[in-house]
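Participant: Build the 3D model from these lines:
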Amino acid sequence: MTPGAWRELVDAYVGGRLSADAFKRRFAEAFAAAVAARAPTPAAVQELAYTVDAYAGDPMARGHDVADDEDLQRAARRALTLLPEEVGASATAAAPPQMTAEDLRAARARMQGAAISFGTVGAIGCAVAALWLAIGVLQFFAVAAQMQAVTDWGPAPSTLIAVPLAFIPIVGSIIAFFGAKDVWGWEPWLAALAFLALPLISLLGGGGMMRARMAGGGRGGPR
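Facilitator: Got it, this is the predicted structure:
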């Protein structure tokens, strides 16, 4: 039963349209059905059920723990004053806001924009990582070549020294620049492009593009 139906049943008894025995019978049947169906019942109805269950219409069957007509009327009137509030609360809870077609289209557009933004960010990140890997490997060999030429050591000691030096920011790039120019015979502009300009561009430009893409995705993508 709905809260409104419970209210009608209680009001019929309080208003004299139902006798106490008829009210008890109909209330007990409805309450048992609600319990069997595990249907939610208002708190006022659950409280009233204790008095209804204890009610005895026959005065001879009443004892200290048995409710009489006055107890039943008092409990029913109390339930009647509480039920209107629960009806309003139930009606409010049963009417959640509905999404319109425009809301659904806007949400779909935001999801598509976010997917495109994250896909672009992933592609840029892969490109930057590949560039860094290529420059790092080339820089390592250039640093090893420069150390071998400067120290006149063999390949093994020069390689051991090149491992930490090659990946020190700025220091590794400068040593690699001279190794490519002096040992490998590269043109200065080419060595500068490979070991000075490209790392700086990939660090600043790639990071800036990813931040811009992520910021654009965070605003909800294309409208």
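Participant: C-alpha only now, for contacts and for neighbours.
Facilitator: Fine.
Participant: what are the phi and psi angles of the most centrally placed residue in the chain?
Facilitator: By C-alpha atoms, centre = their mean, the mean C-alpha position of the chain lies nearest to Met111, the distance being 14.3 Å. Note on Met111: backbone dihedrals following degrees, to the nearest 10 are phi -70, psi -40.
Participant: need the helices for the chain, in chain order.
Facilitator: Applying DSSP state H to the chain gives helices spanning 3-14, 20-36, 43-54, 69-93, 101-151, 155-166, 171-178, 188-192, 198-218.
Participant: Give me the local confidence score for the residue nearest to the centre of the chain.
Facilitator: According to the predicted model, the pLDDT of Met111 comes to 72.
Participant: follow-up on the earlier one: kindly compare burial across the helices of the chain and name the winner.
Facilitator: helix 171-178 (a mean of 23; mean count of other C-alpha atoms under 10 Å).
Participant: Now do that helix and helix 101-151, the angle between them.
Facilitator: 60 degrees (axes from the mean of the first three to the mean of the last three C-alpha atoms, to 10 degrees).
Participant: what's the least confident helix or strand in the chain, going by average pLDDT?
Facilitator: Lowest on mean pLDDT, DSSP states H and E among the helices and strands of the chain sits helix 198-218, with a mean of 61.
Participant: which residues sit in contact with the nearest residue to Val171 once chain neighbours are set aside?
Facilitator: In space, and not counting its chain neighbours, Val171 is closest to Leu165: 7.0 Å by C-alpha to C-alpha, 6 or more residues apart in numbering. By C-alpha atoms under 8 Å, 6 or more residues apart in numbering, the contact set of Leu165 is Val143, Val171, Gly172.
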